[in-house]
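1. only the shape, not the letters, is given here:
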Ligand code: FAD
């Protein structure tokens, strides 16, 4: 299928993009890498009157360290996350995760801003920014807003972004001493959207978690920061405690059934991922066997 007719405007600056969005309201759509938007338009799931192309805005590109925050511009492409030394050093979780996003052709054009704004509950990067306790920076005609990642995702393809706002950057706290990461997903084939996945950040000292953030994806209508992680913090993790946390996790999840998996299968896989994650982060393989 082909997209319905639409007008096209190439923004010359962020200010110009915001003017265009303010002028057209919810009849406009922002175009970044086009890797989700164009398929949706071709399938006539979306029919905006006008596309506001921000792809040429250099001010939205780049990865910089400012004090203890890593600032990732909205137009940073998936492939840039894979190659960036700053990401490898300070937020390795993003690099580990993005290797699972689609295929090279899509990673060469798709952007972090587009992925977060699109808010597919099976996407890797939304769960990563939740696990990393990142802040999403958005700009609109009323000024700039900074939104905690946990507050940004509101439902399937729904975010806190208003129609006249642009996602301009993501701020990630740099990994402190003792920080470790875990990323794993189950997908039918490499590059497919995940059936269930887990992105985690932890601080481990003397064999215990002093911090643990578990961002599950494809287990509900948005990425889930698991409350069950709290059971494992500042505690000696025994198989019994881990089983208790896994049961608590299963109660927290609200997975959908679709052609990929039943809800029960997704719950089971999330519990398996939890065990594997804890075993890997604590370097105690026996915990992953349960
Ligand atoms: P676009 O397609 O340009 O935009 C997506 C949406 O976000 C649109 O609604 C657009 O208006 C809005 N938007 C974009 N940028 C901004 C901004 N800065 N501010 C406000 N709104 C904005 N993704 C995964 O996560 N995991 C996968 O496994 C995966 N597999 C894929 C497989 C295929 C075959 C394809 C075609 C895509 C797949 N994707 C997957 C999606 C891909 O990662 C997209 O690149 C990404 O979701 C969107 O980024 P984009 O820059 O292309 O955004």
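-> It's in. Here the structure is a predicted model, which means the values were calculated and not measured. Numbers count the residues shown, from 1 in each chain.

2. tell me the secondary structure for the most centrally placed residue in the chain?
-> When CA atoms, centre = their mean is applied to the chain, the residue found nearest the centroid is residue 126 (1.5 Å). In three-state terms, and counting by DSSP: H, G, I helix; E, B strand; the rest coil, residue 126 is helix.

3. from here on, call the first residue 495.
-> Got it, first residue is 495 now, which makes that one residue 620.

4. next, the nearest residue to residue 712 once chain neighbours are set aside: phi, psi?
-> Using CB to CB, 6 or more residues apart in numbering and skipping residues adjacent in sequence, the residue nearest residue 712 is residue 616, 4.1 Å away. For the C-beta atoms, the positions are set from N, CA and C on the backbone; glycine is no exception. Note on residue 616: backbone dihedrals following degrees, to the nearest 10 are phi -100, psi 10.

5. rewinding a little: who are the contact partners of the residue nearest to the centre of the chain?
-> 609-610, 613-614, 643, 647, 711, 716-717 (CB atoms under 8 Å, 6 or more residues apart in numbering).

6. what does residue 498 give?
-> The neighbourhood of residue 498, defined by CB under 8 Å, 6+ apart, consists of 535, 538, 541.

7. of those, buried ones?
-> Of all these considered here, the ones buried according to neighbour count by 16 or more other CB atoms under 10 Å are residue 535.

8. adding secondary structure, distance to residue 761 and pLDDT, write the contacts of residue 498 out as CSV.
-> As requested, the contacts of residue 498 are exported to CSV (DSSP: H, G, I helix; E, B strand; the rest coil; distance: CB to CB, whole Å; pLDDT from 0 to 100):
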residue, secondary structure, distance to residue 761, pLDDT
535, helix, 34, 96
538, coil, 34, 95
541, coil, 37, 95
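
9. of all the contacts of residue 498, which comes closest to the ligand?
-> The closest of those to the ligand turns out to be residue 535 (CB to the nearest ligand atom; 9.3 Å).

10. the residue nearest to residue 712 - how many residues pack around it?
-> 22 (other CB atoms under 10 Å).

11. let's see the pLDDT reported for it.
-> Looking at residue 616, its pLDDT is 95.

12. near the ligand, which residues of the stretch 495-644 of the chain?
-> Contacts of the stretch 495-644 of the chain with the ligand, taken as CB under 6 Å from any ligand atom, map to 523-531, 533, 568, 595-596, 600, 603-605, 607-609, 611-612, 617-619.

13. show the pLDDT at the closest residue to residue 526 other than its chain neighbours.
-> Among residues not flanking residue 526 along the chain, residue 608 sits closest, at 3.9 Å (CB to CB, 6+ apart). We have a pLDDT of 98 for residue 608.

14. in contact with residue 608, which residues are there?
-> Contact analysis of residue 608 by CB under 8 Å, 6+ apart lists 526-527, 529-531, 568.

15. and it, that one's in a strand?
-> No: Residue 608 is assigned helix when assessed by three-state DSSP, not a strand.

16. tell me how far whichever strand or helix holds residue 674 is from the chain's mean position?
-> Residue 674 is part of strand 673-680 when elements are defined by DSSP states H and E. Relative to its chain's centre, strand 673-680 lies at 13 Å (CA atoms, centre = their mean, to the nearest Å).

17. neighbouring contacts of that strand?
-> Contacts of strand 673-680 (CB under 8 Å, 6+ apart): 586-587, 590-591, 594, 618, 622, 669, 688-698, 711-712, 763, 767, 770-771, 774-775.

18. need the helices for this structure, in chain order.
-> Using DSSP state H, the helices of the chain run over residues 508-518, 531-536, 572-577, 579-584, 586-592, 598-601, 606-612, 618-625, 643-646, 733-746, 757-775.

19. in the longest one, which residues are buried?
-> So the one you mean is helix 757-775. So for helix 757-775, counting by 16+ other CB under 10 Å, buried means 760-775.
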